[in-house]
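A.B. asks: Structure of the sequence below:
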Amino acid sequence: MPPSPRFEVVSGILLILCGLLAAGCSSSRVDPASGPPRLVVVLSIDQMRADYFDRFAGRFEGGLDRLRREGMLFTQAQQDHAVTATAVGHAAIATGTYPAKHGIVANAWWDRLKGRSIYAVEDSLPILGLTNALGASPALLLRSTVGDWLKEASPAGKVFSVSLKDRASILTAGRLADGAYWYYDPLGFFVTSTHYLADRYPAWLARFNGDGDVRKGRGGVWDRLADSSTYTASREDAFPAEADGVHTTFPHTLSADSMAYFGEVRYAPIGDQLSFSLAKRLIEAERLGKDRQPDLLFLGASAADGIGHLYGPYSQEIEDYYLRLDIEIGVLLDLLDREVGPGNYLLVLTSDHGVMPMPEELQRRGVNAARVDTRALLTPIIEATRAAFAMPDLRIVNASGLYIDQRSRTLPPDTLRLIRRFIAQSLVQHPDIADAFTYDELADPATPDRPFLAVFRRSFYPDRSPDVMPLLKEFRLPLVPRGTTHESPYPYDTHVPLVFFSSRVEPRTIDRPVRAVDIAPTIAQVLGIPMPADLDGVPLPEVFEAWQSPPLLP
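C.D. replies: Below is the predicted model of the structure:
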């Protein structure tokens, strides 16, 4: 992130705090009707594994308990592509398509023409009020979202998104949304891009930023919500592979320094508490669900990912986070019941990806798991490739896969194919590599099938995807010396929760396989709006059938 000069920050603060006072008073909610929902809320819990519902079930007393008991729960939902990253998963949820169509192949990828890595939502359009800050927009997203379909079918319908992460907010909101808001660390404010707003922030957001809710946590302590003896679904608190290897136990003290603290917000429950607070303000201020024009809100809980990366899925920190999330979702559901009406809204809970348990945790459970230094793995293979083709200056870039940089030397297609094949064959000789897929194999529909070919093909977009995509063996964790990560096609990264909740939806558990790309077409069908004909996902009939019946509750 480029540094912002003092005058830039000051001017940004002034613009963010300004705005005309919102007019109009809140009216009472409308009565339940037999038509489409008047508000759809898609709640994406970043890095939520599907098994959290079962592991922590006995501890939930609020919203997660209510969703589990009263919702339509699909137990076999998958993010069914190879590169399970935040940007990729959120684009799949919102567009109903795989990366092969929506074009978001990773959080960042190597741009062959620019000769640099580009971020999934980068753009020259600046953050509103901060002209020197790195811009962001959905310009690189190649498909329309369900919010776009709604705006095209019903322009009076409102579409918004809120998340700590810009890529989560932007890639779910799409191009035509009324607003997409995310957290900007240098200021500790929620912001947006000039793609969405031209001149000023809405008054309710200016007030939220001005109230100083973010700053109230400075110097605070994150301690367990319950007695330490009750965290039996998790391992011991002290675990050297967590975080920095030192600060691994409760309580966790947040910095009193503003700039340090603003960054720590992404790795503590307060981050998602702020997102939920902002979403509730938005629902009330923008009067979502107050008329018969359907509205749509995407809410991303991004701190779940930050905490999960640092402490892992079997940590007490993750268990504590979900106890707090249970409360937040309960408050949100109460608000929706009160302001919109139980029969008038549909809430969808899902996730962009899961996460791998820490190798050290798996090892003591008898699983063959390890951390893999991918840089050390790739260096001799790159050197061998240069030697084999007598190209000492050949540049090979590792950016969610291996890219052959041709800016200084354009390689003939046959030579390029041979280099790709040589790299792939060299990779599979390594004991930690399960397979390697070349650009040519993924582009050719006649390539003989083999394990994981299909999911890698779903993640393949020719102009953006690597020349070679390696696949580490299961339970091999790349790059990180501590903590954990995701981005593999294995079940611990692809298996996500999926719940559809409303008083109109009969509580059921459905065990058949479904996919995250089915969410957008299901919402479109329930709302009765047109959708593109070439989606990868399909509407889930169980949900649609529920909306053909009268409300289950008066």
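A.B. asks: how about the helices in the stretch 301-450 of the chain?
C.D. replies: Secondary structure of the stretch 301-450 of the chain (DSSP state H, counting those that start in this stretch): helices at 303-311, 316-339, 359-363, 374-388, 413-427, 439-443.
A.B. asks: List the buried residues for the fifth one?
C.D. replies: The one in question is helix 413-427. 416, 417, 419, 420, 422, 423, 424, 426, 427 (16 or more other C-beta atoms under 10 Å). Yep, even glycine has a C-beta here, placed from its N, CA and C like the rest.
A.B. asks: right, so the helices of the stretch 301-450 of the chain: which one is the most enclosed?
C.D. replies: helix 303-311 (a mean of 25; mean count of other C-beta atoms under 10 Å).
A.B. asks: can I get the CA coordinates of it in CSV?
C.D. replies: Presented in CSV, the C-alpha positions along helix 303-311 are these (Å, rounded to 0.1, in the frame of the first residue of the first chain):
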residue,chain,number,x,y,z
ALA,A,303,-11.4,-11.5,10.8
ALA,A,304,-12.3,-15.2,10.9
ASP,A,305,-9.6,-15.8,8.3
GLY,A,306,-7.0,-13.7,10.0
ILE,A,307,-7.5,-15.6,13.3
GLY,A,308,-7.6,-18.9,11.5
HIS,A,309,-4.3,-18.3,9.8
LEU,A,310,-2.5,-17.3,13.0
TYR,A,311,-3.9,-20.0,15.4
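A.B. asks: list the helices and strands that helix packs on?
C.D. replies: helix 269-285, helix 316-339 (3 or more C-beta pairs under 8 Å, 6 or more residues apart in numbering; DSSP states H and E).
A.B. asks: okay, these in a markdown table with mean pLDDT next?
C.D. replies: A markdown table is the format used below for the helices and strands packed on helix 303-311 (pLDDT from 0 to 100):
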| stretch | mean pLDDT |
| --- | --- |
| helix 269-285 | 98 |
| helix 316-339 | 98 |
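A.B. asks: can you put those helices in CSV and add distance to residue 471?
C.D. replies: Compiled in CSV, the helices and strands packed on helix 303-311 are given as follows (distance: least, C-beta to C-beta, whole Å):
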stretch, distance to residue 471
helix 269-285, 32
helix 316-339, 27
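A.B. asks: And those: which comes nearest residue 53?
C.D. replies: Residue 53 lies closest to helix 316-339 among the helices and strands packed on helix 303-311, at 9.5 Å (C-beta to C-beta).
A.B. asks: And that closest one, how far out from the chain middle?
C.D. replies: Mean C-alpha position of helix 316-339 versus that of the full chain (C-alpha atoms, centre = their mean, to the nearest Å) differs by 18 Å.
A.B. asks: Leaving out chain neighbours, which residue sits closest to the residue nearest the centre of the chain?
C.D. replies: Note on the chain: the residue nearest the mean C-alpha position is residue 86, at 3.8 Å, using C-alpha atoms, centre = their mean. With sequence-adjacent residues excluded and distances taken as C-beta to C-beta, 6 or more residues apart in numbering, residue 86 is closest to residue 352, at 5.2 Å.
A.B. asks: Pull the number of nearby residues for that neighbour.
C.D. replies: Using other C-beta atoms under 10 Å, the number of residues around residue 352 comes to 31.
A.B. asks: dump the residue contacts of it.
C.D. replies: 44, 46-47, 79, 84-86, 88-90, 92-93, 168, 496, 516 (C-beta atoms under 8 Å, 6 or more residues apart in numbering).
A.B. asks: ok, now with 7 Å
C.D. replies: 44, 46, 79, 86, 89, 90, 93 (C-beta atoms under 7 Å, 6 or more residues apart in numbering).
A.B. asks: out of those residues, who has the most neighbours?
C.D. replies: residue 90 (34 neighbours).
A.B. asks: Spit out the contact partners of it.
C.D. replies: 44, 167, 168, 171, 172, 352.
A.B. asks: So what touches whichever strand or helix holds the fourth one?
C.D. replies: Secondary-structure assignment from DSSP states H and E places residue 171 in helix 166-173. Applying C-beta under 7 Å, 6+ apart, the set of residues contacting helix 166-173 from outside is 42, 44, 46, 86-87, 90-91, 93-94, 104, 107, 120-121, 136-138, 141, 145, 147, 159, 161-163, 180-182, 298, 300, 302.
A.B. asks: among those, which are in helices?
C.D. replies: Members of those lying in helices (criterion: DSSP state H): 86, 87, 90, 91, 93, 94, 147.
A.B. asks: Which residue, neighbours along the chain excluded, lies closest to the fourth one?
C.D. replies: Nearest residue to residue 91 in three dimensions, chain neighbours excluded: residue 104, at 4.2 Å (C-beta to C-beta, 6+ apart).
A.B. asks: before we move on, what about the third one?
C.D. replies: Closest residue in space to residue 90, ignoring its immediate chain neighbours: residue 171 at 4.5 Å, by C-beta to C-beta, 6+ apart.
A.B. asks: Measure how buried that neighbour is and give me the count.
C.D. replies: Other residues within reach of residue 171, judged by other C-beta under 10 Å, total 33.
A.B. asks: Please apply the same query to residue 228.
C.D. replies: Using other C-beta under 10 Å: residue 228 sits among 10 other residues.
A.B. asks: about what we covered before: is it possible to get a markdown table of the contacts of residue 90 that adds distance to residue 111 and pLDDT?
C.D. replies: As requested, the contacts of residue 90 are exported to a markdown table (distance: C-beta to C-beta, whole Å; pLDDT from 0 to 100):
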| residue | distance to residue 111 | pLDDT |
| --- | --- | --- |
| 44 | 27 | 98 |
| 167 | 17 | 98 |
| 168 | 22 | 98 |
| 171 | 18 | 98 |
| 172 | 23 | 98 |
| 352 | 23 | 98 |
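A.B. asks: Please identify which pair of those residues lies farthest apart.
C.D. replies: 44 and 167 (11.6 Å).
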